[in-house]
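S.K.: For reference, the sequence and a predicted model appear below.
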Amino acid sequence: MSTNPYIQLLITVLLTIVFIAASSYGIGALARWIARLRGAKPSKQEKVFAGYLFASPWIVGFLIFVVIPMGFSLYWSFTDYRVISNEPPHWIGLANYANLLFHDSSFKAALVNTLYLTVIGLPLEMAVALFLAALLNRKAKGERIFRMAFYLPVILGFNTAVLLAWRLMLNTGTGIINQLWRAVSTFAPVSYLLRAGIYVQEVTAAFFLGINNGTFNLLNKVIEAGFPAANRVPGWVQSPLWSKMSVILLIVWGCGQMMLIFLAGLNNVPKELHEAAEVDGASPMQRFWKISFPLLTPYVFYNLIVGMIASIQIFEPIFVLYRDNQPLVSSAISIVYYLWQKSFSHFEIGYGAAISWIILVLILIVTVIQFRLQNRWVNYDLY
C-alpha cells in the first residue's frame, strides 16, 4: 500500500462511504424482510425499506459511537484496567464503585465541589438570565445589539482562548475585574456591600472546604478574621476560597442560552393579561411576579433541567484555570474533572469508567426527581 498520506486518506474516505452505503442497504433490506414476514403489502415494504435506508447512517453511527463504547465502558467499570500496564482488563466486580463511594476522599471532594457549583451557581445563572430577558423584552432602541451582545458568550463558548482571557482578567493584582472592584469601592455604601459579599462568600467556601477536608480550621480562621478591610479584593484564581466562585462567574457569564429561552417565554405571555392588570392598578413588578413568572414556569423547568445537567458536567473552566495550579485544583475539582484526571492523566480506565457511570446515575436521579416534582409548581395552563 502506498505511504502517501493523501492516498491513504482518499482510500479511508472511499472505504467509509462504501461501509455507510452497504450498512444502510443491509439495515433497509432487513427492515423490508421483517415487514414482509409481518404480512405488509409490497408498497408498505418499499416504504419501510426507503425509511430505514435513509435513517441507517444515523443508526449505524449511534451504534458505533454511542452504544458500543457505552458497553465497553460498563464492562471496564467492573475491571482493573490500566492502559500503561499493557495487560488485559482484570475483573474485580464492584470494587471500583465501593472504593469511590466509601473510601476515595478525592471523589468526595469532587462531589461536594460539584454540589457547590450546582446549588449556588445554577440559581445565580438562572436569575441573571431571567433579569436580562426581562430587560430585553422591553422594546427599546438598539435592542438587537444588546441581544447579540448577551448571546455572544454562548457563541464563544468555553474554548481555551476565551478562558485564558478570563484568567488574565481574574488576576488578583492586575486583572481588570479587581481594578473595577477597587474603583467602585471608593464609594462607602458600595464598599460595605462588596466587603459583606466577600465575607459571606469566604465563610461559605470555607464551610464547603471543611466538608472536603474533614476539618473546619479554615472556617474558624475566616470567622476570627472578621469583616474584611476596605482594601480587600477577591483572590479569584489565587485563593482556594475563591476558586469555585471564579468558575461560577464564568457560568453566569455564559447564561445567554437561558436568557434566550426566557425571552421566548416572555414573548408568549398574552399581552391582554398585562393590560387588564395595568387597568386594575398593578405595578410593573406585580404584573411580572403575578402574571409573567407563573406562565414562565415551563421555561424555568427546562432551564433548570438543562442547567443542572451542565453544572454536573462542568469541566472546561476548571481545566484551563487550575490545571497548572495544583494547590488550587483540590478546591475546585469537579467530578468530570476527576474523571478526566483518572482516565487520561493516571490512565486508570476502569476506575474512570466507574466514575462516568456514577455521573450518569446521578444525572438520571436528579432528572427523575425534577420531573416528579414539576406538577407542584410548573403551570402549563396556557400552553
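M.R.: Sure thing, it's come through.

S.K.: quick one: average pLDDT of stretch 268-279?
M.R.: Stretch 268-279 shows a mean pLDDT of 86.

S.K.: er, stretch 97-105 I mean
M.R.: The model assigns stretch 97-105 a mean pLDDT of 93.

S.K.: Next, the buried residues of that stretch.
M.R.: Y97, L100, D104 (16 or more other Cβ atoms under 10 Å). From N, CA and C alone the C-beta is placed, and that goes for glycine too.

S.K.: Tell me which residues touch the second one, please.
M.R.: Taking Cβ atoms under 8 Å, 6 or more residues apart in numbering as the criterion, L100 is in contact with F107, Y351, A354, I355, I358.

S.K.: switch to 10 Å and redo it
M.R.: Under the criterion of Cβ atoms under 10 Å, 6 or more residues apart in numbering, the neighbours of L100 are 77, 106-108, 111, 335, 338, 342, 351, 354-355, 357-358.

S.K.: Look up phi and psi at P88.
M.R.: The phi/psi pair for P88 (degrees, to the nearest 10) reads phi -70, psi 160.

S.K.: how near is L194 to T297?
M.R.: As judged by Cβ to Cβ, to the nearest Å, L194 and T297 stand 33 Å apart.

S.K.: and those two? which has more neighbours close in?
M.R.: Taking neighbours as other Cβ atoms under 10 Å, L194 and T297 compare with L194 leading, 20 against 17.

S.K.: got a list of what the nearest residue to the more buried one once chain neighbours are set aside touches?
M.R.: Sequence neighbours aside, S185 is the residue nearest to L194 in space, at 5.8 Å (criterion: Cβ to Cβ, 6 or more residues apart in numbering). Counting by Cβ under 10 Å, 6+ apart, S185 touches N178, S191, Y192, L193, L194, R195, A230, N231, R232, V233.

S.K.: Mind checking which of these are buried?
M.R.: Applying 16+ other Cβ under 10 Å to the contacts of S185 flags N178, S191, L194, R195, R232, V233 as buried.

S.K.: Reformat the contacts of L100 as TSV; add neighbour count.
M.R.: Below are those laid out as TSV (neighbours: other Cβ atoms under 10 Å):
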residue	neighbour count
S77	23
S106	15
F107	22
K108	16
L111	23
I335	24
Y338	26
K342	23
Y351	26
A354	28
I355	25
W357	18
I358	19
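
S.K.: Report pLDDT for the residue nearest to L194.
M.R.: Note for S185: predicted pLDDT of 88.

S.K.: Mind checking which of the buried residues of stretch 97-105 land in helices?
M.R.: Mapping those onto helices (DSSP state H) picks out Y97, L100.

S.K.: Adding distance to A205, write the buried residues of stretch 97-105 out as TSV.
M.R.: Below are the buried residues of stretch 97-105 laid out as TSV (distance: Cβ to Cβ, whole Å):
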residue	distance to A205
Y97	30
L100	25
D104	22
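
S.K.: so which helix or strand takes in the residue nearest in space to the middle of the chain?
M.R.: Of all residues in the chain, the one closest to the mean position by Cα atoms, centre = their mean is A310, 1.7 Å from it. Using DSSP states H and E, A310 sits in helix 293-312.

S.K.: pull the CA atoms of that helix into CSV?
M.R.: Taking Å, rounded to 0.1, in the frame of the first residue of the first chain, the C-alpha atoms of helix 293-312 are listed here in CSV:
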residue,chain,number,x,y,z
PHE,A,293,-43.5,34.5,36.2
PRO,A,294,-46.2,31.8,36.8
LEU,A,295,-46.5,31.4,33.0
LEU,A,296,-42.7,31.1,32.7
THR,A,297,-42.5,28.1,34.9
PRO,A,298,-42.3,25.6,32.0
TYR,A,299,-39.3,27.6,30.7
VAL,A,300,-37.8,27.7,34.2
PHE,A,301,-38.3,24.0,34.5
TYR,A,302,-36.5,23.4,31.1
ASN,A,303,-33.6,25.7,32.1
LEU,A,304,-33.4,24.0,35.5
ILE,A,305,-33.0,20.5,34.0
VAL,A,306,-30.6,21.6,31.3
GLY,A,307,-28.6,23.8,33.6
MET,A,308,-28.4,21.1,36.3
ILE,A,309,-27.0,18.6,33.9
ALA,A,310,-24.5,21.2,32.6
SER,A,311,-23.4,22.1,36.1
ILE,A,312,-22.8,18.4,37.0
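
S.K.: Check the offset of whatever helix or strand comes next after it from the chain's centre.
M.R.: Counting by DSSP H and E, the element after helix 293-312 in chain order, helix or strand, is helix 316-322. Helix 316-322 sits 13 Å away from the centroid of its parent chain (Cα atoms, centre = their mean, to the nearest Å).

S.K.: could you say what helices and strands helix 316-322 packs with?
M.R.: Applying 3 or more Cβ pairs under 10 Å, 6 or more residues apart in numbering; DSSP states H and E, one finds that helix 316-322 makes contact with helix 160-169, helix 243-253, helix 326-332, helix 335-340.

S.K.: what about 7 Å?
M.R.: Applying 3 or more Cβ pairs under 7 Å, 6 or more residues apart in numbering; DSSP states H and E, we find helix 316-322 packed against helix 160-169, helix 243-253, helix 326-332.

S.K.: in that helix, what's buried?
M.R.: Those buried within helix 316-322 under the rule 16+ other Cβ under 10 Å are E316, P317, I318, F319, V320, L321, Y322.

S.K.: Closest to F131 out of those?
M.R.: Using Cβ to Cβ, P317 is the member of those that sits closest to F131, with 22.1 Å.

S.K.: all strands for the protein, in order.
M.R.: Assigned by DSSP state E, the strands in the chain fall at 79-80, 90-91.

S.K.: Reformat those strands as CSV; add mean pLDDT.
M.R.: Below are those laid out as CSV (pLDDT from 0 to 100):
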stretch, mean pLDDT
strand 79-80, 94
strand 90-91, 92
